[in-house]
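Visitor: No letters, just coordinates:
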């Protein structure tokens, strides 16, 4: 999953997606322990997707970058008065 695709989602959608990925990661870890895991690279990809979602959620929380669907509050800039 690419980060620009994730940025198009809302906070609730990202939280839901993160929860789904964490459940899938847990199931894959169990399958790995029982030697039934077909593709071990899927573990790494899931961990990276979860990290991407965490990064996006932290950016939104800290105000670095806003998520899609959220209204931004714009501060009014004072106009500079020119002296003539």
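Guide: Great, that's in hand. What you see is a predicted model; the values in this text were computed from it and never measured.

Visitor: CA only for contacts and neighbour counts going forward, please
Guide: Noted.

Visitor: any low-confidence regions in the protein?
Guide: For the chain, the stretches flagged by pLDDT under 70 are 70-84.

Visitor: Grab the most central residue of it for me.
Guide: Centre of the chain computed as the mean C-alpha position; nearest residue by CA atoms, centre = their mean is residue 53, 2.1 Å away.

Visitor: hmm, who's touching the helix or strand hosting it?
Guide: Taking DSSP states H and E as the definition, one finds residue 53 inside helix 41-62. The contact list for helix 41-62 (CA atoms under 8 Å, 6 or more residues apart in numbering) reads 1, 3, 6-7, 11, 14, 18, 21-22, 25, 28-29, 65-67.

Visitor: Which positions within that helix qualify as buried?
Guide: 43, 46, 49, 50, 52, 53, 56, 57 (16 or more other CA atoms under 10 Å).

Visitor: Report the distance from that helix to the chain centre.
Guide: 5 Å (CA atoms, centre = their mean, to the nearest Å).

Visitor: Could you do stretch 23-42 as well?
Guide: For stretch 23-42 - counting by CA atoms, centre = their mean - the centre lies 22 Å from the chain centre.

Visitor: List the buried residues of that stretch.
Guide: 25, 28, 29, 37.

Visitor: Could you do stretch 2-9 as well?
Guide: Buried residues in stretch 2-9 (16+ other CA under 10 Å): 6, 7.

Visitor: Need the distance between the two termini of that stretch.
Guide: 12 Å (CA to CA, to the nearest Å).

Visitor: same deal with stretch 33-41?
Guide: Taking CA to CA, the first and last residues of stretch 33-41 lie 15 Å apart.
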